[in-house]
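Trainee: have a look; sequence and predicted model below, questions after that.
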Amino acid sequence: MIPTKTQVIGAAVAICLLALVPATAGAGAGRGGSAPTATAAVSKKPVKRKVAVENYYYGPAKETIAKGSTLTWVWPVDGADSHDVVLGKGPKGVKKFQSDIATAAYTYKHTFTVPGKYHIICSLHDEMTMDVIVR
Ligand SMILES: [Cu+2]
């Protein structure tokens, strides 16, 4: 049987709706309720930002900041597992930096003076990484 125009359109709409469902459902589920990372235009001025050190992830996992900006990693007051902040790979000539290994109520600060891409890792958890782009 040849499908009528209405049936074809109906099927197309149904497919579109199906395609939308996982996208919408996935959007909010990602980070366990942390604030959405609105990507505003990157300020050319140095900024001071905080990064949450959570169990097995940094929030946010990506930061784009101007040269001279400072990131402060903040461990939760009631932290459960131990983590650190280590420069895995950075621009040429940048010295390695790393925090202590801490569990709770700890902060670590670093000011980025050299533009480039910084890959930050937790030395205890391979899956725990973040990227910092310095412009
Ligand atoms: Cu960790």
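Mentor: That came through fine.
Trainee: could you chop this structure up by domain?
Mentor: Structural domains assigned to the chain are 1-30, 48-134, following automatic domain parsing.
Trainee: which one of those has the lowest average pLDDT?
Mentor: Confidence, taken as mean pLDDT, is least for domain 1-30 of the domains of the chain (a mean of 42).
Trainee: which neighbouring elements make contact with whichever strand or helix holds Ile120?
Mentor: Under DSSP states H and E, the secondary-structure element containing Ile120 is strand 116-122. For strand 116-122, the elements it packs on are strand 86-89, strand 125-134, judged by 3 or more CB pairs under 8 Å, 6 or more residues apart in numbering; DSSP states H and E. To be clear about C-beta, it is placed using only N, CA and C from the backbone, and glycine gets the same treatment.
Trainee: export the ones you listed as a markdown table, with columns for distance to Tyr118.
Mentor: Output for those, formatted as a markdown table (distance: least, CB to CB, whole Å):
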| stretch | distance to Tyr118 |
| --- | --- |
| strand 86-89 | 6 |
| strand 125-134 | 4 |
